[in-house]
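Engineer: predicted model and sequence follow; I will ask about them next.
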Amino acid sequence: MSAEAHAHFANPRNDFWRLLHAARFTSRLYEPSEQFELLKEGIGVTNAAARTTPGSGDLRKGDFDRGHLERIAHELKPRWIGFVGKEAYRGTFDERPELGVQERTLGETQLFVLPSTSPANAAVPWSERLRWFRELAGRASGLPKRQSIRALVVDDAGRTLLFRYGNEYGWWWVPPGGGQDPGESDEQTLRRELREECGLVDFEIGPLLWEEEGFSLEEPGHGGWAHRVYLVRVPAFEIAPQLDLSAEGSHEERWFTFDELAGLPTRPEDLAERLRNASGS
């Protein structure tokens, strides 16, 4: 289909163009016929192997043109080259990669392997593909990470308070909290955020439960995030936010029991297990 359309990823079932937009590589959703418009976004698309085949499994070693990519790296000096699918990288360098950043570089150009976006790779769910596209988008941006302080708020019934964020490409639940202002301590940030988002004033801050960081362009002006999450135990209460949570990006706020978290899209993905461990600590 791509050969007939003279456009990359032209199969309407291929997720490539949707993933570019969802990861915020592009400012809008592009059609395959608009492929050259990507240059305005600072992105170029090319082939690792130019021969038309039904699938990557039909390609031979001689079909891959490593010199073509080396010339791009030498002449255009992109910060990153992303290989859409492990086979594109394996065929080019004759080595099997893992997803993500590669040790190999082409001069100053770093290499990153993304999941294949082909419908033939349907075993890899959308959320997993998007995670890797978001990581490359964040890394390639060169923007700093945003430090945030969050709380796993647990009431006396063992429930936890979560906020729902997302867009047309998916949604997820996260513990309350937010960005740390310059000069603030973790306690100052957490008390300010829980007061503004929940109306929670009188509480004790428990131990630091976990730290994590990653890359994405979800926070404007930032190429990634770094969270520190503390345990906060409180009596049951109804939240009384001091600001408009919808303007802050939250679509819904709810208390969840441990059982209700099963199968729920959360960040981190293993939040249910972390709640279990925290409740027993």
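Structural biologist: Alright, I've got the coordinates. Computed from a predicted model, the values in this text were never measured in an experiment.
Engineer: report the secondary structure state of residue 90.
Structural biologist: helix (DSSP: H, G, I helix; E, B strand; the rest coil).
Engineer: ok, it touching residue 102?
Structural biologist: No. Using C-beta atoms under 8 Å, residue 90 is not in contact with residue 102; the gap is 11.4 Å. C-betas here are computed from N, CA, C, even on glycine.
Engineer: where do the helices sit along this protein?
Structural biologist: All helices of the chain, identified by DSSP state H, fall at 2-5, 16-22, 66-76, 86-93, 126-141, 186-198, 271-279.
Engineer: nearest to residue 168, out of the ones you listed?
Structural biologist: helix 16-22 (8.3 Å; C-beta to C-beta).
Engineer: and the closest one, how far out from the chain's middle?
Structural biologist: 12 Å (C-alpha atoms, centre = their mean, to the nearest Å).
Engineer: who's in contact with that helix?
Structural biologist: Residues from elsewhere that reach helix 16-22, judged by C-beta atoms under 8 Å, 6 or more residues apart in numbering: 8-9, 26, 28-32, 43, 84, 117, 129-130, 133-134, 167, 169-170.
Engineer: buried ones among those residues?
Structural biologist: 8-9, 26, 30, 32, 43, 84, 117, 129-130, 133-134 (16 or more other C-beta atoms under 10 Å).
Engineer: for the residue lying closest to residue 173 once chain neighbours are set aside, list each beta-bridge partner.
Structural biologist: Distances taken as C-beta to C-beta, 6 or more residues apart in numbering put residue 162 closest to residue 173, at 4.1 Å, once the chain neighbours are dropped. Beta bridges link residue 162 to residue 254, judged by DSSP bridges.
Engineer: wait, residue 162 touches residue 253, no?
Structural biologist: Yes. Shown here, residue 162 and residue 253 form a contact pair, counting by C-beta under 8 Å, at 7.4 Å.
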